[in-house]
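S.K.: sequence first, then the predicted structure:
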Amino acid sequence: MSMHEIEALTEASIRLLDRTEGLDHRSMFKSLYDFEGAFDTGFTRLRLLDILLKRRFAYRMALEDHPDYAQFKDALEGIRKQDFSHIERDPLAEWDCTANPTVAYWSEGHLYCEAGSEIWTKLSELGRFSGADCESPQPIDIVDMADTVVSLAIAKGDKELAAWWYGALPVAIFWETSSRRPVSAPDDLALQRIRDAVVQSEAYKIKTDWGCLCYPERDGDMVNESGPDEVRFLQWWFEPLWSASSNTLDINVEVSAPAAGRSGQEGGRAMTSTQILDSLAARYLGDTAWSGEDDAAIVTLYRKRSDLIAKAPTHPYRPGFRGMDDEAMDGISEATHRIVERPARARIAFVAKLDVIMDLIAREENSPAQDEPYFLGILKSLCLDVIARERAKEEGTR
């Protein structure tokens, strides 16, 4: 089934860009259609043909103007009576995305080609085009394209289009239609601008249930089936939506201030790292606090564990590893390894817990050495507790 939401996103963006002068419309249209083509979408150019012609992204001509008309005359003449037809590089052969791609199209008695296409290149070389019409569209990353569209959409009062891009960009990044990667996305200036614009305009409050434009649930499939880098990006990107109900964001809000300040505050008194850990353990290991989503993403810990141990001889909390016996370390390794092998489940809150605890210990000034085995012990308890709860849950469904 065609992804009509991507088609609509592309169409709405092009219509908006067309209402704005002074832009490189040809390059922008090329970027948007390349993005659209990465998904299961139909051929949508005809919906906007007048705009594409006006902005000189598409060119209309006679069938005989095809640069290879003499070579493929019989095949090309065979489409003349058709209302619409794609035209491949070799009209006599079957379409192939690499060996024999579509290079033009025929519609209602006219041949069309687009700037940057093979036929356009040949016609330019033959002198059919001149001046700006000979200039190739420049590549524009879809994130940069969205940055422009979202800014214009909000300025022109089209918050719905901004909201669509807000929902679509994580998909674009995860599906690698952009050069951006989740691990560095929160530091990307274009993404920061888009997020800020959507938040400040409150466009993010406009929700849709239309395919990949729909905002993911914090405990939904998109989150559960993503790796740690993708989860962290989603946490940052959708924070305005999830902040009210997300345990993960509650953790960050409540604990990030003590972490950044090197010490916590409780009733006006400074909290030691042990007290902070006690508070976290009491809150997140108690039955009343357990959310049901706080499970298997100790993948993060498992991946970090080897690095931390390797750095132990010079690491600020080396005494903690020295004080942790082999049996305890093996327990962490076994627990995390078994969880890593489990199917993907809701992970956000647990990853955040572990990251926050590790961050607290790493940032704590003058942290007593005896705190470190306690820290690792809590991590082991968290791991084992998850396994026990998952076993109980599975046994209860049998």
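M.R.: Structure received.
S.K.: which one is residue 132 nearest to, not counting chain neighbours?
M.R.: The shortest distance from residue 132 to any residue other than its chain neighbours is 7.4 Å, reached at residue 56 (C-beta to C-beta, 6 or more residues apart in numbering). The way it works is simple: take the backbone N, C-alpha and C, and place the C-beta from them, glycine included.
S.K.: what about that neighbour, neighbour count?
M.R.: A count of neighbours around residue 56, defined by other C-beta atoms under 10 Å, yields 16.
S.K.: doesn't residue 133 make contact with it?
M.R.: Yes: in this structure, residue 56 is within contact of residue 133 by C-beta atoms under 8 Å, at 6.1 Å.
S.K.: shared neighbours of the two, anything?
M.R.: Taking C-beta atoms under 8 Å, 6 or more residues apart in numbering as the contact rule, residue 56 and residue 133 both touch residue 115.
S.K.: domain assignment for the protein?
M.R.: The chain breaks down into these domains under automatic domain parsing: 4-134, 142-240, 246-397.
S.K.: what is the neighbour count of residue 208?
M.R.: The burial count assigned to residue 208 is 13, neighbours taken as other C-beta under 10 Å.
S.K.: ok, it - contacts?
M.R.: When the contact criterion is C-beta under 8 Å, 6+ apart, the partners of residue 208 are 5, 163-164, 167, 214.
S.K.: how near is it to residue 214?
M.R.: Taking C-beta to C-beta, to the nearest Å as the criterion, residue 208 is separated from residue 214 by 6 Å.
S.K.: what residues do the two have in common as contacts?
M.R.: Shared contacts of residue 208 and residue 214, defined by C-beta under 8 Å, 6+ apart, are found at residue 167.
S.K.: the domains of the chain: lowest mean pLDDT?
M.R.: For these, the bottom mean pLDDT is recorded on domain 246-397, which sits at a mean of 42.
S.K.: what comes up buried for stretch 44-61?
M.R.: Within stretch 44-61, the residues that count as buried by 16 or more other C-beta atoms under 10 Å are 44-45, 48, 51-52, 55-59.
S.K.: also stretch 124-138?
M.R.: Judged by neighbour count using 16+ other C-beta under 10 Å, the buried positions of stretch 124-138 are 124, 128-129, 137.
S.K.: what is the nearest of the residues you listed to residue 181?
M.R.: Comparing those against residue 181 with C-beta to C-beta places residue 137 closest, at 24.4 Å.
S.K.: I'd say that closest one and residue 27 touch.
M.R.: Yes: with contact defined as C-beta under 8 Å, residue 137 counts as touching residue 27 (4.2 Å).
S.K.: which of the buried residues of stretch 44-61 fall within helices?
M.R.: Among the buried residues of stretch 44-61, the members found in helices (DSSP state H) are 51-52.
S.K.: and which of the buried residues of stretch 44-61 is nearest residue 81?
M.R.: Comparing the buried residues of stretch 44-61 against residue 81 with C-beta to C-beta picks out residue 45 as the nearest, at 20.9 Å.
S.K.: distance check, that closest one against residue 26.
M.R.: Remark: distance between residue 45 and residue 26 (C-beta to C-beta) = 14 Å.
S.K.: identify the contacts common to those two.
M.R.: In the contact map built from C-beta under 8 Å, 6+ apart, no residue is linked to both residue 45 and residue 26.
S.K.: which residues of the stretch 1-150 of the chain fall in helices?
M.R.: Along the stretch 1-150 of the chain, counting by DSSP state H, counting those that start in this stretch, helices occupy 4-18, 25-37, 49-54, 73-77, 118-125, 142-155.
S.K.: just checking, what packs against the shortest one?
M.R.: Meaning helix 73-77. In this structure, helix 73-77 makes packing contacts with no helix or strand, judged by 3 or more C-beta pairs under 8 Å, 6 or more residues apart in numbering; DSSP states H and E.
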